[in-house]
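Colleague: for reference, the sequence and a predicted model appear below.
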Amino acid sequence: MSNFALRLPDSLFERARILAERDNCSLNQLFAVAIAEKIATIDAEAFFAERTARAASQPGGMMRALNVAWKHNVKTAPMAGDEMPASGGHSVQEERATYAVKKAPSKVAAKRKR
């Protein structure tokens, strides 16, 4: 394990201290997790950029890769709970509108009603 002296603005340090206390962890653990999350994000971005470039360089490009995936998935039944509605006539916009209506009101909306 390595040691590293870190200089932080007082405001950032105080915010980190509050978050660590709220999450019931040490500042060391909070910083280690934050750094690990940032590294994972950068690595994932690089991974997807490389995969996109590789797919785009193939004959037929990205659409060929998507068509191959589509043909494979058409033969596979959806997992339980992923099936289309029985009516089958709903558009994506209608599904989103239905979901938006069913969602519980946010805390902000609840405060406004008071």
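Modeller: Nice, I can see it.
Colleague: longest helix in the chain, by residue count?
Modeller: Looking across the chain with DSSP state H, the single longest helix is helix 27-57.
Colleague: name the helices or strands packed onto that helix?
Modeller: Judged by 3 or more C-beta pairs under 8 Å, 6 or more residues apart in numbering; DSSP states H and E, helix 27-57 is in contact with helix 10-22, helix 61-74. Every residue, glycine included, has its C-beta placed from N, CA and C.
Colleague: just want the angle from the first one to helix 27-57.
Modeller: Relative orientation of helix 10-22 and helix 27-57, computed by axes from the mean of the first three to the mean of the last three C-alpha atoms, to 10 degrees: 100 degrees.
Colleague: one step back: show me which positions of the longest helix of the chain end up buried.
Modeller: Of all the residues in helix 27-57, those buried under the rule 16 or more other C-beta atoms under 10 Å are residue 30.
Colleague: tell me the mean pLDDT over that helix?
Modeller: Computed over helix 27-57, the mean pLDDT rounds to 91.
Colleague: same check, this time on stretch 83-95
Modeller: 61.
Colleague: distance check, residue 63 against residue 47.
Modeller: According to C-beta to C-beta, to the nearest Å, residue 63 and residue 47 sit 21 Å apart.
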